[in-house]
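Participant: Structure for the following, please:
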Amino acid sequence: MSAQVKLAASILAADFARLGEQVAEAEQAGADRIHADVMDGHFVPNISLGVPVVRSLRPVTKLPLETHLMITDPALFLDAFAEAGSDTLLVHWEGNCNLHRTVQHIKSLGKRAGVVINPATPANVLEEILPDLDQVLVMTVNPGFGHQPFLNTTLAKIRRVRQMIDELQPLCELEVDGGIDVETAPLAVAAGANVLVAGTSVFADPAGVSTAIRRLRASIL
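Facilitator: Numbering: from 1, shown residues only. Here you go, the predicted model:
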């Protein structure tokens, strides 16, 4: 199971004064991809990073870059993030006026397309769009801030999304984001997740990034 589960290191929790160094550490430690949270202060109550940061990371790592667009009107920025080096573009179901068009736009750019749903959003909203997706991201905290505790109430939804994926789009990845650590990672994997976004538990571990990633992998054996 551990070999099948991928770890996405979320730079939201990294030390931005040495961001490139920390991304390189995560790659050397065995992370499978880098997760960039983009927040605009409108869709979520926080502001984080934008296109220049994603562009600056592209030469630093060979790992896939996935960009989580927690922003109003994400379709307006797809081209810019694709050009900056994003490999996967993740957009929210919530507030997206034409999700199908947005997903098709992502795919026309040659990028992997993913849809994100918040904790209060039911799984069944994915039914019509799922066949077009490469990835579904279930938020296990309310988006906007790091360092939040995992919401155990989302486990039932993860199980439902796993069932939907198995029935409608078996090649689609099921990712979870929020409060992932050595205690919650096994719960998410048991519910059906095969990609774990981890920020604080990776970059804020006093033992270092390498030890943190090793602990996470050991927790899902």
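Participant: pull the longest helix from this protein.
Facilitator: Scanning the chain for the longest helix, with DSSP state H as the assignment, gives helix 155-168.
Participant: Name the residues of that one that come out as buried.
Facilitator: Residues of helix 155-168 classed as buried: 155, 157-158, 160-162, 164-165 (neighbour count, 16 or more other CB atoms under 10 Å). Bear in mind the C-beta positions are built from the backbone N, C-alpha and C, glycine included.
Participant: Report the beta-bridge partners for the closest residue to residue 50 other than its chain neighbours.
Facilitator: Of all residues not flanking residue 50 in the chain, residue 38 sits nearest, at 6.3 Å (CB to CB, 6 or more residues apart in numbering). Residue 38 has the following beta-bridge partners by DSSP bridges: residue 69.
Participant: and the gap between residue 38 and residue 119?
Facilitator: Distance, residue 38 to residue 119, using CB to CB, to the nearest Å: 19 Å.
Participant: Looking at the two, which is more packed in?
Facilitator: Neighbour count, other CB atoms under 10 Å: between residue 38 and residue 119, residue 38 has more, with 25 against 15.
Participant: Now do stretch 134-154: distance to the chain's middle.
Facilitator: 9 Å (CA atoms, centre = their mean, to the nearest Å).
Participant: Please enumerate the helices of the protein.
Facilitator: For the chain, the helices defined by DSSP H occupy 19-29, 51-57, 78-84, 99-108, 155-168, 185-191, 200-203, 209-219.
Participant: Below-threshold pLDDT in this protein: ranges please.
Facilitator: 1-3 (pLDDT under 70).
Participant: let's go with 90 and repeat that
Facilitator: Residue ranges of the chain with pLDDT under 90: 1-4, 42-47, 95-97, 143-148, 221.
Participant: In stretch 23-38, which residues are buried?
Facilitator: Going by neighbour count (16+ other CB under 10 Å), the buried part of stretch 23-38 is 23-27, 29, 31-38.
Participant: try stretch 141-153
Facilitator: Those would be 141, 143-144, 146, 150-151, for stretch 141-153 by 16+ other CB under 10 Å.
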